[in-house]
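[1] what follows is a predicted structure for the sequence shown.
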Amino acid sequence: MHFENQRIIPAVKHMKDFEQLLTRDFTYIVLLESHLTQLPSLIRTAKQHDKKLILHADLIQGLKHDESAAQFLCQMLKPAGLISTHSSVITTAKKNRVLAIQRIFLIDSQSLDTSYRVLANSKPDYIEVLPGVLPDIIREVRGATQLPILAGGFIRSRADIQSVLDAGAAGVTTSHKDLWSVKIDG
């Protein structure tokens, strides 16, 4: 079972949204943008509310996107997971037994081929595919890698969510607050 069967994972950009999610029925929350100095209190607050934070390591202000930064995050802050486009962050997360989610941006066949090479080396726990509104590509990446997929980016409706879940995505990450409460089939 992926993410304790949570199929929609809210991705927050603003602290006000983070605070509102603390009282909602979500276990996993993606923190998209943050500042390094905020993270200890955010993670502590999340744990006090039985929430598991997944940090987007590439969007933390005040921190580089390298192995040392990933070690700091994993060993000192202990988030539930890290998302990154950088394979060194992903491999470091895995070494530290933190959920490792490799984000890939697909704009053409060449970016897909490049992503397959990166994924073969980083061996993430999950792949986040952007844009996520491509059910055929979700199906193809899932089949080629045999890794669970999260779909993110340009998902704008319940139909988009259902379409990518039907294509085999394990879940959807979205910053669209109106989609956080969507009820899905299956």
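    Sure thing, it's come through. Residues are numbered from 1 along each chain as shown.

[2] and the lengthiest helix in the chain, what other elements does it pack with?
    Criterion DSSP state H: the longest helix present in the chain is helix 109-122. Using 3 or more C-beta pairs under 8 Å, 6 or more residues apart in numbering; DSSP states H and E as the contact test, the elements touching helix 109-122 are helix 87-95, strand 99-105, helix 135-145. For the C-beta atoms, the positions are set from N, CA and C on the backbone; glycine is no exception.

[3] where in the protein is pLDDT low?
    Scanning the chain with the threshold set as pLDDT under 70 gives 186.

[4] who does the spatially most central residue of the chain form a beta bridge with?
    Geometric centre of the chain, nearest residue: I83, 5.2 Å, by C-alpha atoms, centre = their mean. Note on I83: beta-bridge partners H56, I101, judged by DSSP bridges.

[5] list the contacts of the closest residue to D166 other than its chain neighbours.
    In this structure, D166 finds its nearest non-sequential neighbour in P135, 7.1 Å apart by C-beta to C-beta, 6 or more residues apart in numbering. Neighbour list for P135: 163-164, 166-167 [criterion: C-beta atoms under 8 Å, 6 or more residues apart in numbering].

[6] what's the answer for M15, then?
    Taking C-beta under 8 Å, 6+ apart, we find M15 in contact with Q38.

[7] for it, give its distance to A167.
    Noted for M15: a distance of 33 Å to A167, by C-beta to C-beta, to the nearest Å.

[8] now do A159
    Distance, A159 to A167, using C-beta to C-beta: 12 Å.

[9] those two - which one has more neighbours?
    For the pair A159 and A167, the greater number of neighbours falls to A167 (19 against 11), based on other C-beta atoms under 10 Å.

[10] correct me, but that one touches D136?
    Yes. Counting by C-beta atoms under 8 Å, A167 does reach D136; the two are 7.2 Å apart.

[11] who's L31 bridged to?
    What pairs with L31, by the bridge criterion (DSSP bridges), is V12, L55.

[12] for A120, find the nearest of the helices and strands packed on helix 109-122.
    helix 135-145 (8.5 Å; C-beta to C-beta).

[13] good, wrapping up.
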